[in-house]
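> Okay, sequence plus prediction incoming.
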Amino acid sequence: MTPITQNTLFYGDNLKILREYISDESIDLIYLDPPFNSNRNYNVLFREESGQESESQITAFGDTWHWDRTAEDTYHELATTSPPQISRMIGALRDFIGANQMMAYLVMMSIRLIELHRVLKPTGSLYLHCDPTADHYLRIIADTIFGTENFRNQVIWQRTNAKGLAFTRFASNHDVIFCYAKTGNVIWNPQYTEHKADYLEKFYRFTEPDTGRRYRLDNLANPNKNRPNLTYEFLGVTRVWRWTKERMQDAYEKGLIIQSKPGSVPALKRYLDEQEGTPIGDIWTDILPVQSQAAERLGYPTQKPLALLERIIQASSNEGDRVLDPFAGCGTTIAAAEKLNRKWIGIDITHLAISLLKNRLMSMKQEVESVKNGKNYIVIGEPGDLAGARQLADDDRYQFQWWADGLVGAMPVGTSAGSRTGKKGADRGIDGIITFIDDADSKPKRVLVQVKSGKVSSRDIRDMVGTADREKAAIGVFITLNEATKDMRTEAVSAGHYFSEGWNRRYPRIQILTIGELLNGAKVDMPPIHATFKKARTEKKNGFEQNGLPT
């Protein structure tokens, strides 16, 4: 297969994509946060329904697994085609656990971990994020596939404080992240945190009057007493020293060695500003979960904090390395990789996730140099023409809706309600929202998006006008799979314009965009999203055209 050289988003089943697109030993770092088999309503890879001859590839459903034909076939593949140790392991698990929901989950994870081991470079690492629901079984599986000698860490991430069930048992407030290497020759960059205040007060008690630099005194004696070549007298004190006499004398002349009084043992100054901090261990309590009011929150129930992925990526990869997330979700791994100048591959089985991820990358334009000049990635698995769009709409109109939202950079409505499935009920005529700011008051304005895959008429446009009025939206965008009629376009024109004082121009209040037009590059006519009003005013004074500002 041809190696992937571009940043890539894949829509589809990650097992199929791994086998068809990802070359052997081509990935430097893998992070996966798969479904936990928690019997909760999250998005998972498959929805297995017992007894069905074949499964439809629907993509947003509960985190509940069933032993069915697909699970049985996957188990058979593992038992008959895998290396002997994996075959024995999966057989033993079935004998012990039985053919039930947990076993269905484990065989689906096992076959994917085998593929992830294949694509990992010899210097690469894999981080498997899980909770106590099945982490003990996943550890056995990963030990078998990667080898116990390549197990590196069990990281405990305290994601929340004790609450709820703490009154009836110890609260479950942590996740587990298993770290495995492909070989012993693994990329590793130690990570540090700032020293705590009490540590500084206890150890860095001294301050240089002239420079204000804080320092501590460190022992210069050698712990190995059997070093005659390092045994000598220095400043009137004979010891087995760490350094040669010449190096000691040089450090003393530079003011790095002090003697508090004649006859006392000399000590080395260690300056606080030269230390990297406290080495990070395998219990992480300093990274908070994504709070309800956090700026990075996307309304995704399983969203992990950016700081968590940044730590993992910085520790186990270097700039320019390639990072893979086979359960990309809302794209925290991808966002962290982009920010840290890594190449990346993300895979997810919902167009909702892909739409959110594309929107997230768009919002990073101001922060990340690599995306300032436009999209720096490709998407594989999305419809590329009208025929593909019609097929998607026929298969699942909600997947079509989420995909269409992504074409205009809209945030799908309903994802903040606690479900990756989006809002499938009464959506009040809104399928997506785009937010912008175009005045000095920094008051957010909204563009409402409505998506239709069936028959459309001028009545739909009148309804769109009513929705925009009711919601006090600046602009309404009507996306249709079918061609818009002349009457529809007349209704849209009669809705008038939105005038942006910040950009000093008018925008059509109601805009109709067909899927065909969007696939050919059409865009919503609206104020720029990522250029602030302050920046716009500044560049206008310097003679730049408003329409030429970056978006």
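Yes, it's here. Residues are numbered from 1 along each chain as shown.

> buried stuff in stretch 475-483?
Of the residues in stretch 475-483, 475-482 count as buried by neighbour count, 16 or more other C-beta atoms under 10 Å. The C-beta positions use only the backbone N, C-alpha and C, and glycine is treated the same way.

> can I get those in JSON lines with distance to residue 96?
Shown next, in JSON lines, are the buried residues of stretch 475-483 (distance: C-beta to C-beta, whole Å):
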{"residue": "475", "distance to residue 96": "59"}
{"residue": "476", "distance to residue 96": "58"}
{"residue": "477", "distance to residue 96": "55"}
{"residue": "478", "distance to residue 96": "56"}
{"residue": "479", "distance to residue 96": "52"}
{"residue": "480", "distance to residue 96": "55"}
{"residue": "481", "distance to residue 96": "50"}
{"residue": "482", "distance to residue 96": "55"}
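
> which among these gets closest to residue 343?
residue 479 (32.0 Å; C-beta to C-beta).

> quick one: the one residue sitting closest to the centre of the chain and residue 380, what's the gap?
Central residue of the chain (C-alpha atoms, centre = their mean): residue 332, 1.5 Å from the mean position. Per C-beta to C-beta, to the nearest Å, residue 332 is found 21 Å from residue 380.

> What of residue 346?
Taken as C-beta to C-beta, the span from residue 346 to residue 380 is 11 Å.

> Those two: who's more crowded?
Comparing residue 346 with residue 380 by other C-beta atoms under 10 Å, the one with more neighbours is residue 346, at 28 against 17.

> which helix is the longest one in this structure?
helix 101-119 (DSSP state H).

> Tell me which residues touch the closest residue to residue 11 other than its chain neighbours, please.
Counting by C-beta to C-beta, 6 or more residues apart in numbering, the nearest residue to residue 11 once its immediate chain neighbours are dropped is residue 381, at 3.3 Å. By C-beta atoms under 8 Å, 6 or more residues apart in numbering, the contact list for residue 381 reads 10-12, 17.

> Can you pick out the ones from those that are in strands?
Using DSSP state E, the members of those that fall in strands are 10-11.

> nearest to residue 350, of the contacts of residue 381?
residue 11 (8.0 Å).

> and the gap between that closest one and residue 90?
On the measure of C-beta to C-beta, residue 11 and residue 90 end up 29 Å apart.

> And for residue 225?
From residue 225 to residue 90 the distance is 55 Å (C-beta to C-beta).

> Please say which of the two ends up with more neighbours.
residue 90 (23 against 11).

> correct me, but that one touches residue 75?
Yes. Counting by C-beta atoms under 8 Å, residue 90 does reach residue 75; the two are 6.7 Å apart.

> With adjacent residues omitted, what lies nearest to residue 449?
Nearest to residue 449 is residue 432, by C-beta to C-beta, 6+ apart, at 3.6 Å.

> That neighbour touches residue 446, doesn't it?
No. Using C-beta under 8 Å as the test, residue 432 is too far from residue 446 to be in contact (10.4 Å).

> who has more neighbours, those two?
Using other C-beta under 10 Å, the more surrounded residue of residue 432 and residue 446 is residue 432, with 28 against 17.

> For the more buried one, give its distance to residue 339.
25 Å.

> on that earlier part again, which residues does the residue nearest to residue 449 contact?
Taking C-beta under 8 Å, 6+ apart as the test, what residue 432 contacts is 404-405, 408, 410-413, 448-449, 451.

> what's across from it in the sheet?
residue 412, residue 449 (DSSP bridges).

> likewise residue 510?
residue 476.

> From residue 491, how far off is it?
Taking C-beta to C-beta, one finds residue 510 at 8 Å from residue 491.

> can you list residues touching both of those two?
Joint contacts of residue 510 and residue 491 (C-beta under 8 Å, 6+ apart) are 461, 465.

> got a pLDDT number for residue 303?
At residue 303, the pLDDT value in this model is 75.

> give me the number of residues near it?
Residue 303, neighbours per other C-beta under 10 Å, totals 20.

> what's the answer for the one 3 residues further on, then?
By the other C-beta under 10 Å criterion, the neighbourhood of residue 306 contains 18 residues.

> Identify the residues contacting it.
Counted by C-beta under 8 Å, 6+ apart, residue 306 has contacts 296, 332, 335-336, 339.

> which of those residues are buried?
Judged by 16+ other C-beta under 10 Å, buried ones among these: 332, 335-336, 339.

> In strands only, show me these.
Per DSSP E, the buried ones among the contacts of residue 306 never map to strands.

> Save those residues as JSON lines, and put in pLDDT and distance to residue 109 too.
Converted to JSON lines, the buried ones among the contacts of residue 306 look like this (pLDDT from 0 to 100; distance: C-beta to C-beta, whole Å):
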{"residue": "332", "pLDDT": "92", "distance to residue 109": "20"}
{"residue": "335", "pLDDT": "93", "distance to residue 109": "25"}
{"residue": "336", "pLDDT": "95", "distance to residue 109": "23"}
{"residue": "339", "pLDDT": "94", "distance to residue 109": "29"}
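
> that older thread, residue 258: which of the contacts of residue 381 is nearest?
residue 10 (60.6 Å).

> From residue 175, how far off is the closest one?
Distance from residue 10 to residue 175, by C-beta to C-beta: 25 Å.

> neighbour count winner among these two?
residue 10 (26 against 22).

> Which strand residues bridge the more buried one?
Applying DSSP bridges, one finds that residue 10 bridges with residue 347, residue 380.

> Other residues contacting stretch 84-100?
67, 71-72, 75, 78-80, 82, 103, 106-107, 110, 114, 137, 140-141, 144-145.

> Could you count how many residues lie near residue 208?
Every residue meeting other C-beta under 10 Å relative to residue 208 is counted, giving 12.

> What does the pLDDT read for it?
pLDDT at residue 208 comes out at 90.

> Angles on the backbone of it, please.
phi -70, psi 130 (degrees, to the nearest 10).

> going forward, begin numbering at 46 instead of 1
I'll keep to 46 as the first residue from here, and by that count the last item is residue 253.

> Apart from its neighbours in sequence, what residue is nearest it?
Nearest one to residue 253, counting by C-beta to C-beta, 6+ apart, is residue 260 at 6.9 Å.

> beta partners of the one you found?
residue 251, residue 316.

> Let me have the contacts of residue 351 in a markdown table, extended by distance to residue 49.
Conversion of the contacts of residue 351 to a markdown table gives the following (distance: C-beta to C-beta, whole Å):
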| residue | distance to residue 49 |
| --- | --- |
| 341 | 27 |
| 377 | 21 |
| 380 | 19 |
| 381 | 19 |
| 384 | 20 |
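
> What about those, which are in helices?
Short answer: the contacts of residue 351 in helices (DSSP H) are 377, 380-381, 384.
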